[in-house]
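Asks: Quick check, what structure comes out for this input:
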Amino acid sequence: MTSDVIVIGGGLAGLVAARELAERGKSVTILDQEGRQNLGGQAFWSLGGLFMVDTPEQRRMGITDSIELARGDWAGSAAFDRPEDGWPRRWASAYLEFAAGEMRSWLHGLGLRWFPVVGWAERGGGHADGHGNSVPRFHLTWGTGPGVLKPFVDSVLAHEAAGRVTFGFRHRVDALEVSDGRITAVSGAILADTDVARGVASSREVTGAFRIEAEQVIVASGGIGANFDLVRQNWPEERLGTPPAKMISGVPAHVDGRMLGIAEAAGASVINRDRMWHYTEGIRNWDPIWPHHGIRILPGPSSLWFDAEGKRLPPPCMPGFDTMSTLREICRRGHDHSWFVLTQKIIEKEFALSGSEQNPDFTSGKWIEVLKSRRGKGAPAPVEAFKKNGADFVVAEDFVTLVKGMNAIGTGRIDPQSLREQIVARDRQLTNAFGKDAQVIALRGARAYRGDRLIRTAKPHAILDPANGPLIAVKLHILTRKSLGGIETDLDGRVLGPDGSAIGGLYAAGEAAGFGGGGYHGYNALEGTFLGGCIFSGRQAGRAAG
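Replies: Purely as a prediction, here's the structure:
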């Protein structure tokens, strides 16, 4: 195989880069350690949310947004504080210009469309200049992750048919060869062919070797989320506390982080390894696809959140508000799980599950399917399936039975009287239109947004009123997901060495590059910025290498 450019990784960032290169007449070889059935990588499994600013969808929902407001939210969330944050800062600024500028029109021209109700993710820690989205910005793509991938997959496959793109599936890169400061070749192992389904862990049997000379290489190999050893090795104990004893994985096994070390061995600067994004609302998949397969609950703001021993978490550790604060609080208390306590009315209105496969209605892109699922009786079918089959769900008609079930699958140390008193105290806050409970105040604030009131937030009600039952408790695990740090790059995606100089012909994009520059999120993500970062950084690298 000979090509003008080699792209390592067939996920979203790699496909975007390959498309840009092929459109410019370059020949491209895409190498991936998985088979063709995994084309698209992690993005296939995503919900398809994109962070965009001041869009028609926002304006139709009565949302006033601006790049100035978004810049303030990003700065307060990122909290950049390191000398090596120079390029991440520039990438964040460039992405915001893209998200408030041509991003929507460019993607619309490629065929993407979005659900009209804009989601309000990561609502923040309670200060205007701190972490969080001041307004809803999460644009759910019709077709979810596969819908985001489609124009790029279609384009790259068309270029493959025309002879401009070649795939090297089951080609695992083991080394980047650099001479005199410039890329010269890529080498590695050829793995045995596999017909396992998408996402299923595949064989690592080696059947051969390869070496391809190249003048330009783009590393778009993803992060470390499925490699628990690397997650623990890079875990920032001084900031987040002791890593949890048990974790579940939100990404397939091939998301192993190998290329970060390989790039570093070739002279690349890898920065911000300790910045990572793991969810605190993970549940074990009752029908798993990959090892330790977990699914994230995308909660509305009503469920009450308790630690493993039944003590309510403090603000801003509330559903949908501040992921890192909640992770830090759980780990600080020495636990590896926590609990939601809610009612049937809440689960019907507020629970959604992450992932394209857990949202067949949105993935179908058909309005009739969405209306049947979201406005019909009961919770969406995938949620009801987890409630029925999931090992982390306890459903009971009375409070005593609920706590018995929680203790049976948890620490066994939840005191029924203490738990009841905390819930009763919260329920009393609903007797007036005012009160002091921060979550109840936030709940009422959420319902001021038309989108939340329509499809995302239940009418406030007493948890312990039998009329709202049955009662439900959900055991929540730490779910590994994203690396926020990675290979340091300039705004063209050129890989930099520790001295700040570029390695000739070597580029990086997507999660491998911290979604831009080695970590454009800083310490916190605003959601919709993972897929968005893959698209933007892949486009930048592809255009620069082309």
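
Asks: CA only for contacts and neighbour counts going forward, please
Replies: Noted.

Asks: Surely residue 223 touches residue 482?
Replies: Yes: taking contact to mean CA atoms under 8 Å, the distance of 6.5 Å between residue 223 and residue 482 places them in contact.

Asks: Tell me where the stretch 401-546 of the chain has helices.
Replies: 416-428, 438-446, 450-455, 529-545 (DSSP state H, counting those that start in this stretch).

Asks: Mean neighbour count, the ones you listed: which tops it?
Replies: Looking across the helices of the stretch 401-546 of the chain with neighbours counted as mean count of other CA atoms under 10 Å, the highest average goes to helix 529-545: a mean of 26.

Asks: What is the burial count for residue 230?
Replies: Close neighbours of residue 230, defined as other CA atoms under 10 Å, add up to 15.

Asks: Could you list the low-confidence segments of the chain?
Replies: Segments of the chain classed as low confidence (criterion: pLDDT under 70) are 1, 374-376.

Asks: rerun at 90
Replies: For the chain, the stretches flagged by pLDDT under 90 are 1-3, 125-126, 215, 359, 361-380, 454-456.

Asks: Okay, now the sheet partners of the longest strand anywhere in it, with direction.
Replies: Identified as the longest strand of the chain according to DSSP state E is strand 471-483. Note on strand 471-483: by DSSP bridges, its sheet partners are strand 248-249 (parallel), strand 276-284 (antiparallel), strand 337-343 (antiparallel), strand 393-396 (antiparallel).

Asks: do you know how far the residue nearest to residue 115 when sequence neighbours are not counted is from residue 363?
Replies: If the residues on either side of it in the chain are set aside, residue 115 comes closest to residue 140, at 5.5 Å by CA to CA, 6 or more residues apart in numbering. The gap separating residue 140 from residue 363 is 10 Å, by CA to CA, to the nearest Å.

Asks: Ok, residue 163 next?
Replies: Shown here: residue 163 relative to residue 363, a distance of 31 Å by CA to CA.

Asks: number of nearby residues for residue 28?
Replies: With neighbours defined by other CA under 10 Å, the count for residue 28 comes to 28.

Asks: Straight-line length of stretch 161-170, end to end?
Replies: 20 Å.

Asks: All the helices of the stretch 51-200 of the chain, residue numbers only.
Replies: Using DSSP H, counting those that start in this stretch, the helices of the stretch 51-200 of the chain run over residues 56-60, 67-78, 86-99, 103-109, 144-161.

Asks: buried set for the shortest one?
Replies: Meaning helix 56-60. Residues 57-58 are the ones in helix 56-60 that count as buried (16 or more other CA atoms under 10 Å).

Asks: hmm, who's touching that helix?
Replies: Applying CA atoms under 8 Å, 6 or more residues apart in numbering, the set of residues contacting helix 56-60 from outside is 64-65, 114, 116-118, 136-137.

Asks: CSV for the residues you listed, including neighbour count and distance to residue 267?
Replies: Listed next are the contacts of helix 56-60 as CSV, based on neighbours: other CA atoms under 10 Å; distance: CA to CA, whole Å:
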residue, neighbour count, distance to residue 267
64, 14, 45
65, 19, 41
114, 22, 41
116, 16, 46
117, 21, 45
118, 27, 42
136, 24, 41
137, 28, 38
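
Asks: What is the nearest of those residues to residue 451?
Replies: Ranking the contacts of helix 56-60 by separation from residue 451, with CA to CA as the measure, puts residue 117 on top at 5.6 Å.

Asks: about what we covered before: put together TSV for the strands paired with strand 471-483, with distance to residue 326 and mean neighbour count on each row.
Replies: As requested, the strands paired with strand 471-483 are exported to TSV (distance: least, CA to CA, whole Å; neighbours: other CA atoms under 10 Å):
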stretch	distance to residue 326	mean neighbour count
strand 248-249	17	26
strand 276-284	7	25
strand 337-343	10	24
strand 393-396	21	21
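
Asks: between the ones you listed, which gets nearest to residue 404?
Replies: Using CA to CA as the criterion, the shortest distance between residue 404 and the strands paired with strand 471-483 is 9.3 Å, found for strand 393-396.

Asks: neighbours of the closest residue to residue 443 other than its chain neighbours, just the number please.
Replies: With CA to CA, 6+ apart as the measure, residue 301 is the residue that lies nearest to residue 443, at 5.8 Å, once sequence neighbours are left out. Close neighbours of residue 301, defined as other CA under 10 Å, add up to 26.

Asks: could we number from 24 for the rest of this?
Replies: Will do, 24 is the new start, and the previous item becomes residue 324.

Asks: residue ranges for the helices of the stretch 224-373 of the chain, please.
Replies: Secondary structure of the stretch 224-373 of the chain (DSSP H, counting those that start in this stretch): helices located at 251-257, 260-263, 281-288, 346-355, 367-373.

Asks: so which of the ones you listed comes closest to residue 41?
Replies: Comparing the helices of the stretch 224-373 of the chain under CA to CA, the one sitting nearest is helix 281-288, at 18.4 Å.

Asks: same for the closest one, what does it pack against?
Replies: Taking 3 or more CA pairs under 8 Å, 6 or more residues apart in numbering; DSSP states H and E as contact, the helices and strands that helix 281-288 lies on are strand 194-202, strand 509-510.

Asks: Which residues outside the shortest one are in contact with it?
Replies: Pointing back at strand 509-510 there. Contacts to strand 509-510, defined as CA under 8 Å, 6+ apart, come from residues 246, 283, 286, 291-296, 518-519, 531, 534-538, 540-542.

Asks: Give me the distance from stretch 455-475 to the chain's centre.
Replies: Averaged C-alpha coordinates place stretch 455-475 at 27 Å from its chain's average position (CA atoms, centre = their mean, to the nearest Å).
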